[in-house]
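Peer 1: Dropping a prediction and its sequence here:
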Amino acid sequence: MKPSPETLSRMKAVVGPSGFIDAAEDMAPYLVERRDLYKGRAAAVLRPASTAEVSALMKIAHETETRIVPQGGNTGLVGGQVPFETGEEVVLSLARMNRIIALDAENNTLTVEAGVTLAAAQDAAQAAGRLFPLSLASEGSCEIGGNLSTNAGGTAVLRYGNARDLVLGLEVVLADGRVWNGMRGLRKDNTGYDLKQIFLGAEGTLGIITGAVLKLYPRPRAVETSFVAVPDVEAAVRLLRLADEATGGLVTGFELMPRIGIEFVTKHLPGASDPLAAPSPWYVLIELASGGEGDALSQALEAMLETAMEKNLVTDAAIAQSGAQRDEFWRLRESMSDVQRLEGGSIKHDVSVPVSAVADFIARASHAVEKALPGIRPVPFGHVGDGNIHFNLSQPIGMDKPAYLARWDEMSAIVHAIVREYGGSISAEHGVGRMKRDEIAATKSPVEIELMRTLKRALDPKNILNPGKVVSLD
């Protein structure tokens, strides 16, 4: 049911004219998912400036049974942050809650509001000589609240873990407007349930994250980056283990890229060039970081690459000689997803399998989709260090784009069936949202699904927080 004019008027009174949007053209940026897969409608967009305002809004929503869609930077890829097409929901954007509250260098913690962008959090840590290691291609616009609500992954998971591993405390507004203040910077607290983990990765279906205490780390004194050619994916996996063992666990990034992906990037991205003289079927971007002297890390990288070449795991390599060259290496990797749209339709998958199964999975899934649709162009890339592969599929050359995208469900069924055979996940870091809500039942047991529903019913009995996302109550 669409909220009444009276309800919207009460909400407007809470946030003020600057925090209330109801004109269609002004709401438009909040209603479209970045890949245009989902385009919703809303009765209004609310932009509260404080936790107190979020609490007041949720009290009204709970009383009137108004459905609320929490939204961070709107960079999600599974439709979790976009309202449905009915126009009955209200979007609640946390973008105005963008204060960095405190930085405790001695405790290695950063306390922020949910609307702080990831880049701003990184910059604050850097200014204090610390590191906040979460790193995503969208870090200039994605927000901490969204990162935590989706349990974002990124390129440093191998060393530092997912977003949920980088949180010590949370502040959460519940469905009825009550505020749970768990903003504690403690690394050890054994007094019962770890409540923050309920809300991390819940995509705003159980509560609205309004603040967080984040873990910081010593800023590395030395970073070494290498762009490496490998003969196949199996060699890449073996290289990961060699690099990890040879450097004593100093690997912070280990990104797999196929030749076709490099060709797409160098074709479409201005200024991009192939770092190596000869083409290779596969590449790995390796990054090491340590608190020691740069010469020692450089020597460790060179020695590891020499051993890898002797073992025929590496055929060529380029080591970044400057920060600018390092950035160029990462630019190739981070642009890989975006440039695929310039090759026509792209059917995307965010999956994970055990690291030991990555090579078999890519080979089997590639063969299966090519058999189903000759000419399809698999572009598997990603965080092989944690088993997370973005198994993207570019359309056959010359095929009609709408006709190709109409086969999304067919291609996903093929890929996800193989993922399940390896005991993998159909959403490694993007979340469930709307896109994968019904499909997760195939990878989770009935007990798991019912436990999720039990949490939802207990914390949101009126089903007003992001309803229809993550888990169905039907």
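Peer 2: Structure's in. What do you need? This is a predicted model, so every value here is computed, not measured.

Peer 1: tell me the phi and psi of residue 379?
Peer 2: Here is the backbone geometry of residue 379 (degrees, to the nearest 10): phi -130, psi 70.

Peer 1: could you dump the longest helix along the chain to CSV, C-alpha only?
Peer 2: Of all the segments of type helix in the chain, defined by DSSP state H, the longest one is helix 294-310. Below are the C-alpha coordinates for helix 294-310, written out as CSV (Å, rounded to 0.1, in the frame of the first residue of the first chain):
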residue,chain,number,x,y,z
GLY,A,294,61.3,-2.0,0.2
ASP,A,295,64.5,-3.7,-1.0
ALA,A,296,63.8,-6.9,0.9
LEU,A,297,60.3,-7.1,-0.5
SER,A,298,61.5,-6.4,-4.0
GLN,A,299,64.1,-9.2,-3.7
ALA,A,300,61.5,-11.6,-2.3
LEU,A,301,59.2,-10.9,-5.3
GLU,A,302,62.1,-11.3,-7.8
ALA,A,303,63.2,-14.6,-6.2
MET,A,304,59.7,-15.9,-6.2
LEU,A,305,59.2,-15.1,-9.9
GLU,A,306,62.5,-16.7,-10.8
THR,A,307,61.4,-19.9,-9.0
ALA,A,308,58.0,-19.8,-10.7
MET,A,309,59.7,-19.5,-14.1
GLU,A,310,61.9,-22.5,-13.3
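
Peer 1: next SSE after it?
Peer 2: Past helix 294-310, heading to the C-terminal end, the next element that is a helix or strand (DSSP states H and E) is strand 316-319.

Peer 1: Would you map the helices across the stretch 1-150 of the chain?
Peer 2: Assignment of helices within the stretch 1-150 of the chain using DSSP state H, counting those that start in this stretch yields the ranges 5-15, 24-27, 51-64, 118-127, 144-149.

Peer 1: which strands and helices sit next to the third one?
Peer 2: Same thing as helix 51-64. Applying 3 or more Cβ pairs under 8 Å, 6 or more residues apart in numbering; DSSP states H and E, one finds that helix 51-64 contacts helix 5-15, strand 68-71, strand 90-93, strand 167-173, strand 208-215. Yep, even glycine has a C-beta here, placed from its N, CA and C like the rest.

Peer 1: mind putting the helices of the stretch 1-150 of the chain in JSON lines, mean pLDDT included?
Peer 2: Putting the helices of the stretch 1-150 of the chain into JSON lines (pLDDT from 0 to 100) gives the following:
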{"stretch": "helix 5-15", "mean pLDDT": "98"}
{"stretch": "helix 24-27", "mean pLDDT": "96"}
{"stretch": "helix 51-64", "mean pLDDT": "98"}
{"stretch": "helix 118-127", "mean pLDDT": "98"}
{"stretch": "helix 144-149", "mean pLDDT": "98"}
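
Peer 1: circling back to that earlier point, and the longest helix of the chain, what's its mean pLDDT?
Peer 2: Computed over helix 294-310, the mean pLDDT rounds to 94.

Peer 1: what residues are up against residue 415?
Peer 2: Contacts of residue 415 were listed using Cβ atoms under 8 Å, 6 or more residues apart in numbering, and they are 349, 351, 365, 368, 369, 391.

Peer 1: before we move on, back to that, and of the helices and strands packed on helix 51-64, who's closest to residue 297?
Peer 2: Each of those was checked against residue 297 via Cβ to Cβ, and the shortest separation belongs to strand 208-215, namely 23.1 Å.

Peer 1: Just give me the residue right at the centre of this structure.
Peer 2: Centre of the chain computed as the mean C-alpha position; nearest residue by Cα atoms, centre = their mean is residue 152, 3.6 Å away.

Peer 1: ok, the residue nearest to it when sequence neighbours are not counted - contacts?
Peer 2: Beyond its immediate neighbours in the sequence, the residue positioned closest to residue 152 (Cβ to Cβ, 6 or more residues apart in numbering) is residue 163, lying 4.5 Å away. If you count contacts by Cβ under 8 Å, 6+ apart, residue 163 has them with 134, 147, 148, 150, 151, 152, 153, 200.

Peer 1: again with residue 294
Peer 2: The contact partners of residue 294, taken as Cβ under 8 Å, 6+ apart, are 221, 222, 224.
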